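Participant: here you go, sequence then predicted model.
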Amino acid sequence: MMDISSEHDEGKRWQLDLAAAEIVMEQALAQRTADRANDNFVAGEWAEVSREVYGWAQAKTYLAAVLCGLVARATDARANPLSLQVGDDAGTFGYAATSLWQVIQGVAHGRVDLRSLKSQPFNNSPFGGKRILSSDWANVAPRNRPLLARTVSLMANVAEMSRSDAAQALRDFLSAVPDATLPSVLEAHLATSHLDLVAFFESLETFLLDDGENGRRAQAMVAAAISLVHPLGTFTPKSVNDPSRTTPGDVSVTGVTSLGRRRGLYVEAKQKYTPAEWVGQFAHELAERDPAGVGAYAALVNDRTERSARRASKASRMDGGHAGNRGSDDHLDQSFRHGARSADVVRA
C-alpha cells in the first residue's frame, strides 16, 4: 500500500489527513474487488468481526464507529481509533469521526452496504457530544450496552496496530461486507415527439429528495444543467471530501471570449437551506481565486423549505390561536428575506 501517512510538523496541531483517508478507503475497496475474484484469498479474523457487526441490525451507528477507527488507523498510526471528535490537545490524536465517515460514505456509496447510515450518524444518542468511545457512558440502552463494550474493545485492539496491520484488518473486514443494494434511478419516459416537462420535474424532485448522497445529487443536477449549454467544458472536482479544493464551487466551466480572455463560471450547489451569508462567503472565495470569474449559487431547497416552514407556522396559528404566533411568523418572514433565493447569482 502507498505510504500516505500525514507528516507531523512541529508546532502544528495534528490532524487526520482526510484526503489520505479517502485514498486508503479507495485502495481498500479496490482490494476487496480483487480479493473476491481470487479463489485463493483467505480472510483473517476481522472478516468474522465484520459479520458480527453487521448482525447488529438495531444498532447501526456502531458500524460507522468501527469503520472510522479502522480507516483512521490505516491512514495514520498515531490516530486514536476511539475518537469521535478532535481532541483538545495534540497528544490525544483525535479526529472528527463525522467528517471521516462522510469520506468513507462518499467512496463506498453504491459499492458496499453501509446499512443506510446517514452523513452524520454520531449525532444521536448515546454518541452525541462525546469525544471518545467509552463503555462507561450512562445514556446507553440496556440491550446496546454489550455492543458498546464490544466496539470499545475492538477499537482498543486497533489502537495497538501499526498502519499495515490496520490496513490488513480493514481489508479482512471489507471482504465480508455485503454489496450495496441497487441505487435509486431517475427514469424519464420520453414520448416519440415531446418530453412531458411536468413529469420530468416531478421525477427530478424525487431524485433529489430520495437520497441526497451528501450533496452529490445536487452537484450532478447542476452539472447536467450546465452541460446542456457547455457540453465540452463542464468540470466537477475529483475529491468527494472537499468539492472546492481545487477550484471554487461544485461545478465549473471555463472558456475563452472573442477577445481572447479566459472566463470562468463557477457554481456552488447546496441541497440544504442556504442563508445569504453562505452566498457572500462563496463570492469572497471566488474573488480571491478568480477575480474575473462569474459565480452562481444553486440553493436547491430554499423555496421548498420556506413553503414548509410557512405551512407549519400557519398550522400552529390555527391550532393554537395565540396572538404571539403572529410575531413568530413575522420573524420567519424576516429570516427568509435574509436567506438565499433558489438561484442567486454573484459576480466576483
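Facilitator: Perfect, thanks for sending it.
Participant: and the contacts of stretch 28-36?
Facilitator: With Cβ atoms under 8 Å, 6 or more residues apart in numbering as the test, stretch 28-36 has contacts from 41, 43, 71, 74, 107-108, 111-112, 167, 170-171, 174-175, 177. C-beta: built from backbone N, CA, C; applies to glycine.
Participant: for those residues, which one is nearest L147?
Facilitator: V177 (17.8 Å; Cβ to Cβ).
Participant: check the closest one and give its pLDDT.
Facilitator: On pLDDT, V177 comes in at 96.
Participant: so it sits right up against V49, yeah?
Facilitator: No: look at V177 against V49 with Cβ atoms under 8 Å: they stay out of range, at 10.9 Å.
Participant: between these two, which one's more packed in?
Facilitator: Between V177 and V49, counted using other Cβ atoms under 10 Å, V177 has the larger neighbour count: 22 against 19.
Participant: how about the contacts made by the spatially closest residue to that one that is not a sequence neighbour?
Facilitator: Nearest non-adjacent residue to V177, counting by Cβ to Cβ, 6 or more residues apart in numbering: V112, 4.7 Å away. By Cβ under 8 Å, 6+ apart, V112 lies in contact with 29, 32, 174, 177-180.
Participant: please apply the same query to K130.
Facilitator: If you count contacts by Cβ under 8 Å, 6+ apart, then K130 has 84-85, 122, 137 around it.
Participant: how about those residues in CSV, adding distance to G255?
Facilitator: Shown next, in CSV, are the contacts of K130 (distance: Cβ to Cβ, whole Å):
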residue, distance to G255
L84, 45
Q85, 44
F122, 43
W137, 56
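Participant: now stretch 272-291: buried residues?
Facilitator: For stretch 272-291, the neighbour count (16 or more other Cβ atoms under 10 Å) marks 273-274, 278-279, 282-283, 285-287, 289-290 as buried.
Participant: distance from that stretch to the middle of the chain?
Facilitator: Taking Cα atoms, centre = their mean, to the nearest Å, the mean C-alpha location of stretch 272-291 is offset from the chain mean by 20 Å.
Participant: just stretch 43-57 next, same as before
Facilitator: That offset, for stretch 43-57, works out to 24 Å (Cα atoms, centre = their mean).
Participant: stretch 74-83 now?
Facilitator: 20 Å.
Participant: give me the residues contacting it.
Facilitator: Residues contacting stretch 74-83 (Cβ under 8 Å, 6+ apart): 4-6, 8, 14, 16-17, 20-21, 24, 28, 68-70, 72-73, 87, 92-95, 97, 131-134, 152, 155-156, 158-159, 161-163, 166-167, 169-170.
Participant: give the partner strands of the longest strand along the chain in its sheet and their orientations.
Facilitator: Determined from DSSP state E, the single longest strand within the chain is strand 262-270. Looking at strand 262-270 with DSSP bridges, its partner strands are strand 251-256 (antiparallel), strand 294-299 (parallel).
Participant: list the buried residues of it.
Facilitator: Neighbour-count burial for strand 262-270 [16+ other Cβ under 10 Å]: 264-270.
Participant: for that strand, list the C-alpha coordinates in PDB.
Facilitator: Extracted in PDB, the C-alpha atoms of strand 262-270 (Å, rounded to 0.1, in the frame of the first residue of the first chain):
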ATOM      1  CA  ARG A 262     -10.200  33.500 -20.200                       C
ATOM      2  CA  ARG A 263     -13.500  33.500 -18.400                       C
ATOM      3  CA  GLY A 264     -14.800  31.000 -15.900                       C
ATOM      4  CA  LEU A 265     -18.300  30.300 -14.500                       C
ATOM      5  CA  TYR A 266     -18.300  28.600 -11.000                       C
ATOM      6  CA  VAL A 267     -21.500  27.200  -9.400                       C
ATOM      7  CA  GLU A 268     -22.000  26.100  -5.800                       C
ATOM      8  CA  ALA A 269     -24.800  23.600  -5.300                       C
ATOM      9  CA  LYS A 270     -26.500  23.200  -1.900                       C
END
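Participant: so for it, mean pLDDT?
Facilitator: The pLDDT scores in strand 262-270 average 86.
Participant: now the one helix or strand Q168 maps to: buried residues?
Facilitator: Assigned by DSSP states H and E, Q168 falls within helix 163-175. Within helix 163-175, the residues that qualify as buried are 163, 166-175, counting by 16+ other Cβ under 10 Å.
Participant: figure out the helix or strand that E22 lives in.
Facilitator: helix 18-36.
Participant: got the angle for that helix vs helix 163-175?
Facilitator: With axes from the mean of the first three to the mean of the last three Cα atoms, to 10 degrees applied, the angle from helix 18-36 to helix 163-175 works out at 60 degrees.
Participant: give the next helix or strand downstream of helix 18-36.
Facilitator: Immediately after helix 18-36, counting by DSSP H and E, sits helix 45-54.
Participant: show me what counts as buried in that following helix.
Facilitator: Result for helix 45-54 [16+ other Cβ under 10 Å]: buried residues 46-47, 49-50, 53-54.
Participant: next, the angle helix 163-175 makes with it.
Facilitator: Angle, helix 45-54 to helix 163-175, by the same axes, to 10 degrees: 50 degrees.
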